[in-house]
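Trainee: coordinates only, no sequence provided:
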């Protein structure tokens, strides 16, 4: 996104440094390929969290995209911005200019929704967004059952509200994945003022007299440097943006000194404020063989899926991490604002990349929208190739524990409604033995995990302790910005890809001077070049 917008001006030279390689791979481009790529070390770096009480002594694996397009090339494709109040919270917490209404033009500017321009959607951007193209009867039954417990039908989770149940929109255009690489980078690569370096692991930002002057990376067994004439923009994500800052001497002084890193700026909050959605999955076994678990083992049905995709660009090959779902309020919700999000698929599996279960599984997962438990990311070594220490502190706060239990109980209630209760015959997860709240919490702790939404470790704000200001400038270092999910003061209530793309769009506007006319001119030039 940033490389596209900034290189639209032929007078601006842009260098993009990426640790991974090309995104030109069939399983990256095909939406359902998410199940093959997200835990594949060829496309993803697999980080381990510290084992904790909140996860029953387990470590949780965090895959982050190590490929052009980053995590947008391997994510589950669900396209949802989050609650309007999420962004109003950002503004209230010290980020003027980042309220929902102020950000909506940035959301719309990059979006190409298949139904076209509207109050809430963009219709002329580069990033394709489509409605669900796979109509499974049991997903429809689940939506009906959700309405039977009192949730309204929601036809557009990117419209006025996320509250209710319905089908998700996906980052897909014409049957293929929309990613940051495909939508923004690939069309811009023919520009002579844009240079893309892959297979390059960034080791540090070069800082001289409190000014960012360039970047250093390792590639092909050697150390390389590039000097910046204007600015350095860090967009390595919520795990590695704070790590790179700390390796560059910007971070908590005591942590840096412990690892022999010279302190350039004592910035205590670099790596703090870590937030993620902790997800627990419920699974029931269907009475009839109508699960995708069965379809993929049936050569005739499998061939039909391929034919449907080839002819209509629809069907099971066009889905990612979820088909339908919704947002709801448990008894712990505040001011009628949804505090749990659901994600539903007519299949079951332990994790993407593993074989689907042998039985006819149906999955409905839940995560807490607004976790109170915050964690940290700190360098574990001065070695830039070493993984940082990740402590998410999942379920550390009582409210989080109570909410995840309430969300699981709500999913069980939906299964038992008239529209769905006759479709299944066994409670696989949590299982009939998990009857009390304590049982359900133990289940969530022992089987739950990340839903890949880590954010917040370079918090944006107006107070002096915030890592970046509302212009995304790193405090204490000139000519250095961060523009990725790490700047979120609070995690959005839903999937984070749409909001991360918006941060890139808004960040480009800020870098171009904050003048909306300059930003629009550059954006229009970029669109014209892409076409």
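Mentor: Right, received. Where do you want to start? Just so you know, these numbers come straight off a predicted model, no measurement behind them. Numbers count the residues shown, from 1 in each chain.
Trainee: for the closest residue to residue 318 other than its chain neighbours, helix, strand, or coil?
Mentor: Leaving aside its chain neighbours, residue 318 sits nearest to residue 133 (4.5 Å; criterion: C-beta to C-beta, 6 or more residues apart in numbering). Bear in mind the C-beta positions are built from the backbone N, C-alpha and C, glycine included. Three-state call for residue 133 (DSSP: H, G, I helix; E, B strand; the rest coil): coil.
Trainee: how many residues are close by residue 133?
Mentor: Here the number of neighbours of residue 133 (other C-beta atoms under 10 Å) works out to 22.
Trainee: what does residue 219 give?
Mentor: Neighbours of residue 219 (other C-beta under 10 Å): 15.
Trainee: could you find the closest non-adjacent residue to it?
Mentor: Nearest residue to residue 219 in three dimensions, chain neighbours excluded: residue 200, at 4.2 Å (C-beta to C-beta, 6+ apart).
Trainee: what sits against that neighbour?
Mentor: 17, 18, 19, 217, 218, 219, 224 (C-beta atoms under 8 Å, 6 or more residues apart in numbering).
Trainee: element containing the fourth one?
Mentor: For residue 217, the host element (DSSP states H and E) is strand 211-219.
Trainee: rewinding a little: top of the contacts of residue 200 by neighbour count?
Mentor: residue 18 (25 neighbours).
Trainee: now that residue, nearest residue through space, not along the chain?
Mentor: residue 198 (5.0 Å).
Trainee: next, count neighbours for that neighbour.
Mentor: 15.
Trainee: would you confirm that it contacts residue 24?
Mentor: No: using C-beta atoms under 8 Å as the test, residue 198 is too far from residue 24 to be in contact (11.3 Å).
Trainee: residue 425 contacts residue 288, correct?
Mentor: No: counting by C-beta under 8 Å, residue 425 stays clear of residue 288, with 9.8 Å between them.
Trainee: stretch 58-74: end-to-end distance?
Mentor: One end of stretch 58-74 sits 24 Å from the other (C-alpha to C-alpha, to the nearest Å).
Trainee: helices or strands up against the helix or strand just after the strand holding residue 217?
Mentor: As assigned by DSSP H and E, the chain's next helix or strand after strand 211-219 is strand 222-227. In terms of contacts (3 or more C-beta pairs under 8 Å, 6 or more residues apart in numbering; DSSP states H and E), strand 222-227 is packed against strand 201-208, strand 211-219.
Trainee: make JSON lines out of the contacts of residue 200 and add distance to residue 300 and pLDDT.
Mentor: Shown next, in JSON lines, are the contacts of residue 200 (distance: C-beta to C-beta, whole Å; pLDDT from 0 to 100):
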{"residue": "17", "distance to residue 300": "47", "pLDDT": "98"}
{"residue": "18", "distance to residue 300": "42", "pLDDT": "98"}
{"residue": "19", "distance to residue 300": "42", "pLDDT": "98"}
{"residue": "217", "distance to residue 300": "50", "pLDDT": "98"}
{"residue": "218", "distance to residue 300": "50", "pLDDT": "98"}
{"residue": "219", "distance to residue 300": "48", "pLDDT": "97"}
{"residue": "224", "distance to residue 300": "53", "pLDDT": "98"}
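Trainee: include distance to residue 137 when you put those residues into TSV, please.
Mentor: TSV is the format used below for those (distance: C-beta to C-beta, whole Å):
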residue	distance to residue 137
17	47
18	42
19	43
217	51
218	52
219	51
224	55
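Trainee: which of those lies closest to residue 158?
Mentor: Using C-beta to C-beta, residue 18 comes nearest to residue 158 of those, at 28.9 Å.
Trainee: what's the burial count for the residue lying closest to residue 117 once chain neighbours are set aside?
Mentor: Closest residue to residue 117 apart from its sequence neighbours, by C-beta to C-beta, 6+ apart: residue 123 at 3.5 Å. By other C-beta under 10 Å, 14 other residues sit near residue 123.
Trainee: who's in contact with residue 123?
Mentor: Applying C-beta under 8 Å, 6+ apart, the residues near residue 123 are 111, 112, 113, 115, 116, 117.
Trainee: buried ones among the residues you listed?
Mentor: Among the contacts of residue 123, those buried by neighbour count (16 or more other C-beta atoms under 10 Å) are 111, 112, 113.
Trainee: what's the average pLDDT for the longest helix seen in the chain?
Mentor: Using DSSP state H, we find that the single longest helix of the chain is helix 398-415. Here helix 398-415 scores 98 as its mean pLDDT.
Trainee: all good on my end, thank you.
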